[in-house]
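Trainee: Turn this into a structure:
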Amino acid sequence: RTARRAGRVRRVLLVGEASGVDRAAELLTSRTDHDFSLVAAIPVGAARLELEGVQVPGRLASCPADDDVPTVLGGVYAHGADLVLVAPGPQLTGDRLRRL
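Mentor: Reported below is the predicted structural model:
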């Protein structure tokens, strides 16, 4: 019995630069042999996401900012996410990644 049929789907919020979020979203939505459901994405930086139909509850600036954590937590609560998948990249590394 699959996790989806058993009702144990994990609601995922993606966070990262547009290219990383797009790739992770493509992997999550193109397969059904896992228990993850993409509910929203928070891009880092100004680049536009290629995905369509995915909620974007906020955006992180290109460089670390005081509102990084509240923005991600707001997305978690607004969309009932129980898992945050972070796609690291040049704008999301080191201390900033650890803070999230």
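Trainee: starting at the chain centroid, how far to the strand or helix carrying Pro43?
Mentor: With secondary structure defined by DSSP states H and E, Pro43 is part of strand 36-44. Offset of strand 36-44 from its chain centre (Cα atoms, centre = their mean, to the nearest Å): 3 Å.
Trainee: any idea how far Thr93 is from Gly16?
Mentor: Look at Thr93 and Gly16: by Cβ to Cβ, to the nearest Å, they are 11 Å apart. (Each C-beta comes from the backbone N, C-alpha and C, glycine too.)
Trainee: what's in contact with stretch 59-69?
Mentor: 15, 42-46, 71-72, 91-92, 95-96, 99-100 (Cβ atoms under 8 Å, 6 or more residues apart in numbering).
Trainee: Which one's more surrounded, Thr93 and Gly16?
Mentor: Using other Cβ atoms under 10 Å as the criterion, Thr93 and Gly16 rank with Gly16 on top: 25 against 10.
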